[in-house]
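> build me a structure from this.
(chains A and B)
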Number of protein chains: 2
Amino acid sequence: MKLYSFWRSLASFRVRIALNLKGIPYEQVAVDIDRQQHHGDAYAALNPQMALPSLVLDDGTVLTQSLAILDYLDEACPGPALLPEDAKGRARVRALAAMIACDAHPLTTPRVQRYLTEVLHVDDAARAAWLRHWAAEMLAAVEAQLSSHPATGRFAHGDAPTTADICLAGHVTFALNQGLDLASTPTVKRVVEAAMALPAFASAHPLAQPDTPESLRRNRAP
Amino acid sequence: MKLYSFWRSLASFRVRIALNLKGIPYEQVAVDIDRQQHHGDAYAALNPQMALPSLVLDDGTVLTQSLAILDYLDEACPGPALLPEDAKGRARVRALAAMIACDAHPLTTPRVQRYLTEVLHVDDAARAAWLRHWAAEMLAAVEAQLSSHPATGRFAHGDAPTTADICLAGHVTFALNQGLDLASTPTVKRVVEAAMALPAFASAHPLAQPDTPESLRRNRAP
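Numbers count the residues shown, from 1 in each chain, chains lettered A, B, ... in the order given. So this is what the prediction gives:
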């Protein structure tokens, strides 16, 4: 499989974790968002939405949208399950994932930041406050869900990592980058630390990718 | 089942369509977002994220996040399938749904509009332009996906309605409300007209709900 991705893209981070958890070998093809490579003809032909990531299967099928890719990998590939077996548990995990992937992450993407800056003329301080606001709001919402539900275990749902942990790892990485801390979200902190201790998560981290800028790179091994 | 919803909420619209397609009887409990009822103690106890909709099953289980609820209904309830049978088809439908539910809809929700107005002091014209921008961007992206893919049929994927049509119906309803038209997205137009001609879609429309304001209400029957 070929994963068209960008080191900093949190949606790419999700798919890398899932591929690692499943033990699926893949090649990463870097698409540099900062240099607008996702708007080039070559990538647009692959994914008309011009968003990252895209996963190209060995038969040439192109899959897009990280949540859809995670479900595909879980349905079609062997390896540890990314969702619980029971329908209600699956619904809880998918809801936690959607909270982050639908209600938080899209508000902080480069295209939205560009609109704030270029169209609404929002200055850097207000743009940074925007990012912190949505990151903090979602940390609190996830904490409320995790801390109030009996199914929360070592991970977000039970004692094995799921799609919920995959999405949460990316959100926490983003929140920390915005200068937030996890002092008021102790369940989130505990769960994400358990997830990031797994090699499948650690080696998928934005700062450990082939296209991570050398000045930011950290060792690939956890 | 009890659906905590709001007439205008597009995520509630999605779940109403799915329940209708499955033929599942449900009671709607109106949560008035304009009056901040979703931030009241009663609703927060049900759904700590304080977002709509929530679906309460007959055993008391609370399901949240529309995409997760749609998958639950498809896995746990009889009736017509909301997703294709093959894993690649399911991935395509889920990707189309996620494009709308993750990359467009969250940018236009009341909490985001409130932040634009109250924190960034964006005026009404610029706020309206923001809504139109993201609505139009996603119409174009969905058109590009639908018009370029051989699996597009009478509906977004093949000849039966799926989760993709459910999300698209809401997005087009929103886009039309923002004054956009579908002249440059003919495939979207054709597919959504086919979907909205189905009673399951028409009777779920925001303007046909028990809590729709009388002045806006239209006949419930299609």
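> mind giving me the domain ranges of chain A?
Per automatic domain parsing, the domain ranges recorded for chain A read A:2-80, A:87-202.
> save the ones you listed as a markdown table, and put in mean pLDDT too.
Shown next, in a markdown table, are the domains of chain A (pLDDT from 0 to 100):
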| stretch | mean pLDDT |
| --- | --- |
| domain A:2-80 | 95 |
| domain A:87-202 | 97 |
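> got a markdown table for those domains, with mean neighbour count and distance to residue B:12 too?
For every residue, glycine as well, the C-beta is placed using N, CA and C. Putting the domains of chain A into a markdown table (neighbours: other C-beta atoms under 10 Å in any protein chain shown; distance: least, C-beta to C-beta, whole Å) gives the following:
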| stretch | mean neighbour count | distance to residue B:12 |
| --- | --- | --- |
| domain A:2-80 | 19 | 20 |
| domain A:87-202 | 19 | 14 |
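> which of the ones you listed sits closest to residue B:161?
domain A:2-80 (17.8 Å; C-beta to C-beta).
> so can I have a markdown table of the domains of chain A showing distance to residue B:14?
Supplementary listing: these in a markdown table, determined by distance: least, C-beta to C-beta, whole Å:
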| stretch | distance to residue B:14 |
| --- | --- |
| domain A:2-80 | 15 |
| domain A:87-202 | 12 |
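> so is stretch A:164-179 next to chain B?
No - residues of stretch A:164-179 are not located near chain B by C-beta under 8 Å from any C-beta of the partner chain, the shortest gap being 10.4 Å.
> would you put the C-alpha positions of that stretch in PDB?
Below are the C-alpha coordinates for stretch A:164-179, written out as PDB (Å, rounded to 0.1, in the frame of the first residue of the first chain):
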ATOM      1  CA  ALA A 164     -10.900   6.400  19.600                       C
ATOM      2  CA  ASP A 165      -7.300   6.300  20.900                       C
ATOM      3  CA  ILE A 166      -6.000   6.800  17.400                       C
ATOM      4  CA  CYS A 167      -8.000  10.100  17.000                       C
ATOM      5  CA  LEU A 168      -7.200  11.200  20.600                       C
ATOM      6  CA  ALA A 169      -3.500  10.700  20.100                       C
ATOM      7  CA  GLY A 170      -3.600  13.200  17.200                       C
ATOM      8  CA  HIS A 171      -5.800  15.700  19.100                       C
ATOM      9  CA  VAL A 172      -3.600  15.700  22.200                       C
ATOM     10  CA  THR A 173      -0.400  16.100  20.000                       C
ATOM     11  CA  PHE A 174      -2.100  19.200  18.500                       C
ATOM     12  CA  ALA A 175      -3.300  20.600  21.800                       C
ATOM     13  CA  LEU A 176       0.200  20.300  23.400                       C
ATOM     14  CA  ASN A 177       1.700  22.000  20.300                       C
ATOM     15  CA  GLN A 178      -0.800  24.900  21.000                       C
ATOM     16  CA  GLY A 179       0.700  25.300  24.500                       C
END
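> show me how far the longest helix along chain A is from its chain's centre.
Assignment by DSSP state H gives helix A:124-148 as the longest helix of chain A. The chain centroid and the centroid of helix A:124-148 are separated by 15 Å under C-alpha atoms, centre = their mean, to the nearest Å.
> again with stretch A:71-83
Stretch A:71-83 has its average C-alpha position 17 Å from the chain's average C-alpha position, going by C-alpha atoms, centre = their mean.
> touching that stretch from outside, list them.
Stretch A:71-83 has contacts (C-beta atoms under 8 Å, 6 or more residues apart in numbering or on different chains) with A:18-19, A:21-24, A:63, A:70, A:89-90, A:93-94, A:160-163, A:166, B:87-88, B:90-91, B:94.
> could you dump that stretch to PDB, C-alpha only?
Below are the C-alpha coordinates for stretch A:71-83, written out as PDB (Å, rounded to 0.1, in the frame of the first residue of the first chain):
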ATOM      1  CA  ASP A  71     -13.000   1.300   9.000                       C
ATOM      2  CA  TYR A  72     -11.800  -0.200   5.800                       C
ATOM      3  CA  LEU A  73      -8.600  -1.500   7.300                       C
ATOM      4  CA  ASP A  74     -10.600  -3.000  10.200                       C
ATOM      5  CA  GLU A  75     -13.000  -4.700   7.900                       C
ATOM      6  CA  ALA A  76     -10.600  -5.900   5.200                       C
ATOM      7  CA  CYS A  77      -7.300  -6.600   6.900                       C
ATOM      8  CA  PRO A  78      -6.200  -9.100   9.600                       C
ATOM      9  CA  GLY A  79      -4.600  -8.000  12.800                       C
ATOM     10  CA  PRO A  80      -5.900  -6.500  16.100                       C
ATOM     11  CA  ALA A  81      -9.400  -5.100  15.800                       C
ATOM     12  CA  LEU A  82      -9.600  -1.300  15.800                       C
ATOM     13  CA  LEU A  83     -13.300  -1.400  17.100                       C
END
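> can you give me the helices for chain A?
Taking DSSP H, the helices of chain A run over residues A:10-22, A:41-46, A:66-76, A:87-103, A:110-118, A:124-148, A:163-177, A:186-196, A:199-202.
> what's the spacing between the third one and its chain's center?
If I follow you right, that is helix A:66-76. Counting by C-alpha atoms, centre = their mean, helix A:66-76 comes out at 13 Å from the chain centroid.
> quick one, it and helix A:10-22 angle?
Computed by axes from the mean of the first three to the mean of the last three C-alpha atoms, to 10 degrees, the angle separating helix A:66-76 from helix A:10-22 equals 20 degrees.
> which elements pack onto the longest helix of chain A?
Judged by 3 or more C-beta pairs under 8 Å, 6 or more residues apart in numbering or on different chains; DSSP states H and E, helix A:124-148 is in contact with helix A:87-103, helix A:110-118, helix A:163-177, helix A:186-196.
> got TSV for these, with distance to residue A:29 too?
Compiled in TSV, the helices and strands packed on helix A:124-148 are given as follows (distance: least, C-beta to C-beta, whole Å):
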stretch	distance to residue A:29
helix A:87-103	22
helix A:110-118	19
helix A:163-177	20
helix A:186-196	25
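> of those, which is nearest residue A:143?
For residue A:143, the closest of the helices and strands packed on helix A:124-148 is helix A:186-196, at 5.1 Å, according to C-beta to C-beta.
> helices or strands up against that closest one?
With contacts defined as 3+ C-beta pairs under 8 Å, 6+ apart, the packing partners of helix A:186-196 are helix A:124-148, helix A:163-177.
> closest to residue A:105 out of the ones you listed?
For the helices and strands packed on helix A:186-196, distance to residue A:105 was read as C-beta to C-beta. The smallest value, 6.9 Å, belongs to helix A:163-177.
> show residues contacting the closest one.
Applying C-beta under 8 Å, 6+ apart, the contact partners of helix A:163-177 are A:10-11, A:13-14, A:17-18, A:21, A:67, A:70-71, A:74, A:82-83, A:92-94, A:96-97, A:100-101, A:104-105, A:108, A:135-136, A:138-139, A:142, A:155-157, A:182, A:188, A:191-192, A:195-196, A:201, A:205-206.
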